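1. model this:
(one chain, ligands or ions: 1)
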Amino acid sequence: MTLRHSLALALLTFVPACSSPAPATESKPAAATPAPPPTERKYLLERVDDASVVQLYADGFSTLPLKQKSLIWHLYQAALAGRDIFIDQKHKDALEMRGIIERIVANPQGVDATTLAEVQRYTKLFWLNNGPYNNLTARKFVLTGKPDAFAAAAKTAGADPAAVARLQPMFFDPTVDTIVTNKTPGAGKDILQSSANNLYSGVTMADLKGFDEKYGLNSRLVKQNGKLVEEVYRIDGRYGKQITEIVKHLDAAKEFAEPPMAKALEALITFYRTGEVKDREQYDIAWVQDKVSPVDTINGFIEVYLDPRGIKGGWEALVFYVNQEKTGRIKTIATNAQWFEDHMPWDAKYRKASVQGIVANAIDVVVETGDSGPITPIGINLPNDQAIREKFGSKSVALSNVNEAYDRSTPGSMRGEFAWSPEEVARATQFGTFAAELTTDMHEVIGHASGKQAEGKGNPQALIKEEFSALEEGRADLIGLYFIADPKVVELGIIPAADHEATVRTEYESYTRNAMVQLRRIREGSQIEEDHMRNRQMIVRWLMANTKAIEERTRDGKTYLVMVDAKLFRDGVGKLLAEVQRIKSEGDYAAAKKLFATYGVHFDPKLRDQVVARVEKLNLPSYTGFVMPKLTPVMTNGQMTDVTISYPQDLTQQMLEYSGIRK
Ligand SMILES: [Zn+2]
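-> Numbers count the residues shown, from 1 in each chain. Next up, the predicted model:
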């Protein structure tokens, strides 16, 4: 499970404790220097439509011992080696499309200025989203301008004219392959047929009845001559070329890893060779049992958000090291996980008698690719396999340097627009960042890790189907919202007693505002697709319908969602959480579907239009993609004697390097 950043949650909270100024967008690039003071270096690099491009920094890297740097270097190469897999999973033509537009961007000589600017805009969005679909709305974005001019530019740059002609509808026609993941295509329509991703080919949900799917997570399912065939992702199967490279680098990494991590890497290599479920389980177990390594990686077919069925994994990789300073708070929560489990506001039969092995760290990311980069989560809890979680526990990480980069790059001018009163703004200013970080920690560490299935009710993913991801994200959010208001967090020293009430109020206000502000991300239609957005909408709209904690008010023609009573808010959260847990534990698909259909999916497009208009005035981005740090090995007499880190501060340069087009 991942937790995505919701800019709106930080919308009014951009005031770091150290009162640094807003991001210095006009300052000189800090080039390759490892760590100038955070206030002086460049975070926000550029804006592309409604996306921000931000540089990610990993300050602690240069002080790591050589052994850990060497380990990271090999894992970093493994992460880059698989990058194209996820782009291909997004759409069957995506890599071919990328080849054409990258050629034009890299060879602009002779292309007219208007066409070039449009291709550059489109290509940057393509890079950020790993394909031609917006990651938030799941909808295709297209090239504007004349197809003829584009074809001429492609020809000038040396692209194959036949391919350009064939792909013209993908580049220009928004009605062709419109939605990458469509879980609610409307009555009588098939979710697989309505989704443009490349996890399936020619398959409908009806075809799956009675089909024995052996490689649910790691295969592409294809209908050939009326029969279903699983193209397994493994070293001699689909994506074999990329997987061979990944395995080579993982193999090289092993000798620099601590024993439990070396064991996990070995298990991962085995899984990449066989593709078998039992080997994936062995890998999950080995990974979760490695609780000590200061360096870690996630590499494989992990999250299922791209699949409308919620079964097939999108490829991703992250490489990171523990941020020792920031790990203290998250450890405190993790150490007390059993107390939280015992006090969950749900039926005792859904509580775990012993919560096992929650490992929680604040980490700094060195590189993220595939499903987790350039657009990155801010928190991750794995593995997703419920049976392994219950038996062996899970590991949670909070991505500290990603959060920091979000904070530093958020425009300061946003404060005020969606808050009802100056007091609300002041609270957000003082407590917002901390409140959001703490809720995120609890979401990951005690949220996803909590609860158990009812007797005889197995895998909740299978039972709750396409509603599962949003339900599970909602459950984890509710746990954060519930416990931030518990006196226990004061007792544990996480929040000072004097600040507790204001911190809680700040978080509830921020969460409430977000249900409205997040609508800016969906420019078309009147329906939410993305799971985290659905769950946040569901929670706030449920509270509005079932409690008196939130009021919708209007002033000067502007709508506001105002959190008016924190006690009622928390009571409501407790009630909703009890029901959400019951739905998960009992696998009550019908109740999940009804909950989201009522509160989570549909919204008033007029309200969205208003929000978009207000946001546009403020020039607020809808989402952020990150330029990753770059590693370079230092070789002395054929031996690697150091690995240096630098910050390219240029999306185009990094992406063309990744594709091997530029050095
Ligand atoms: Zn989550």
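2. which residues of this protein score low on pLDDT?
-> Within the chain, the stretches falling below the threshold (pLDDT under 70) are 3-39, 356-358, 411-415.
3. roughly how far apart are the one residue sitting closest to the centre of the chain and S622?
-> Nearest to the mean C-alpha position of the chain, by C-alpha atoms, centre = their mean, lies P377 at 3.3 Å. According to C-beta to C-beta, to the nearest Å, P377 stands 16 Å off from S622. Every C-beta, even on glycine, is put in place using the N, C-alpha and C of the backbone.
4. do G600 as well
-> Computed as C-beta to C-beta, the G600 to S622 distance reads 19 Å.
5. what's the answer for N198, then?
-> 25 Å.
6. on that earlier part again, hey, what's the residue nearest to the residue nearest to the centre of the chain when sequence neighbours are not counted bridged with?
-> Residue nearest to P377 in three dimensions, not counting chain neighbours: T2, with 3.6 Å by C-beta to C-beta, 6 or more residues apart in numbering. Beta-bridge pairing of T2, defined through DSSP bridges, involves I380.
7. Repeat that for L399.
-> I363.
8. go on, E551?
-> Beta bridges link E551 to V562 when assigned by DSSP bridges.
9. what sits against it?
-> 561-562, 564 (C-beta atoms under 8 Å, 6 or more residues apart in numbering).
10. mind running it again at 10 Å?
-> By C-beta atoms under 10 Å, 6 or more residues apart in numbering, the contact set of E551 is 420, 512, 544, 560-565.
11. Distance of it relative to T624?
-> Distance from E551 to T624, by C-beta to C-beta: 31 Å.
12. between G600 and S622, which one's more packed in?
-> Neighbours per residue (other C-beta atoms under 10 Å) separate G600 from S622, with G600 holding more: 25 against 21.
13. Packing partners of the helix or strand hosting L75?
-> Using DSSP states H and E, L75 falls within helix 66-81. Contacts defined by 3 or more C-beta pairs under 10 Å, 6 or more residues apart in numbering; DSSP states H and E place helix 66-81 against helix 240-253, helix 259-274, strand 295-303, strand 314-322, strand 359-370, strand 630-636, strand 639-646.
14. Following the chain onward from it, which element is next?
-> Immediately after helix 66-81, counting by DSSP H and E, sits helix 83-90.
15. Output that following helix in CSV with nothing but the alpha carbons.
-> Coordinates of each C-alpha in helix 83-90 appear next as CSV, following Å, rounded to 0.1, in the frame of the first residue of the first chain:
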residue,chain,number,x,y,z
ARG,A,83,12.0,1.5,-15.7
ASP,A,84,10.5,0.7,-19.1
ILE,A,85,8.4,-2.1,-17.8
PHE,A,86,5.9,0.1,-16.1
ILE,A,87,5.6,2.4,-19.1
ASP,A,88,4.8,-0.6,-21.3
GLN,A,89,2.2,-1.8,-18.7
LYS,A,90,0.5,1.6,-19.0
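16. Run the angle between that helix and helix 240-253 for me.
-> Relative orientation of helix 83-90 and helix 240-253, computed by axes from the mean of the first three to the mean of the last three C-alpha atoms, to 10 degrees: 140 degrees.
17. Please pull up the helix or strand immediately following helix 83-90.
-> Next in line after helix 83-90, if elements are assigned by DSSP H and E, sits helix 94-106.
18. Please name the bridge partners of Q527.
-> Bridge pairing for Q527 - DSSP bridges - gives H602.
19. so it makes contact with D604?
-> No - between Q527 and D604 there is no contact, the gap being 11.4 Å when judged by C-beta atoms under 10 Å.
20. Any idea what the closest residue to M640 other than its chain neighbours is bridged to?
-> In space, and not counting its chain neighbours, M640 is closest to P633: 5.0 Å by C-beta to C-beta, 6+ apart. With DSSP bridges applied, P633 shows beta-bridge pairing to V643.
21. How about the contacts made by P633?
-> Counted by C-beta under 10 Å, 6+ apart, P633 has contacts 69-70, 73-74, 76-77, 639-644.
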